[in-house]
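A.B. asks: Curious how this folds, go ahead:
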Amino acid sequence: MAGVFANPRSRAFIIFWLGLNLLIGFAPFILGANVAIAWEAHIGGFVAGLLLPSVLDRLARRNQRP
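C.D. replies: All right, here's what the predicted structure looks like:
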């Protein structure tokens, strides 16, 4: 996980992606429109996708030890 944030390109992508989703989420308040977009679910899925591989790798390594 630390390697993802150490890489400047992946860190920039993560910041851009989260910022874009927050912008989309708050756009109805700014524009005065009534649009229902599940932006929270997109952010939750993205964070889960960032965190779960490291957790699952750790579990897999633990199960491989004799």
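
A.B. asks: rest of the way, CA atoms for contacts and neighbours
C.D. replies: OK.

A.B. asks: Not including adjacent chain positions, what is the nearest residue to Trp39?
C.D. replies: Nearest residue to Trp39, sequence neighbours excluded (C-alpha to C-alpha, 6 or more residues apart in numbering): Gly25, at 5.5 Å.

A.B. asks: just checking, what packs against the helix or strand hosting that neighbour?
C.D. replies: Assigned by DSSP states H and E, Gly25 belongs to helix 8-31. If contacts are counted by 3 or more C-alpha pairs under 8 Å, 6 or more residues apart in numbering; DSSP states H and E, helix 8-31 sits against helix 2-6, helix 39-64.

A.B. asks: Relative to Phe13, which of these is closest?
C.D. replies: Among the helices and strands packed on helix 8-31, helix 2-6 comes nearest to Phe13, with 10.1 Å by C-alpha to C-alpha.

A.B. asks: Which neighbouring elements make contact with the least confident helix or strand in the chain by mean pLDDT?
C.D. replies: Least confident helix or strand, the chain: helix 2-6 with a mean of 76, by mean pLDDT, DSSP states H and E. Packing partners of helix 2-6 (3+ C-alpha pairs under 8 Å, 6+ apart): helix 8-31.
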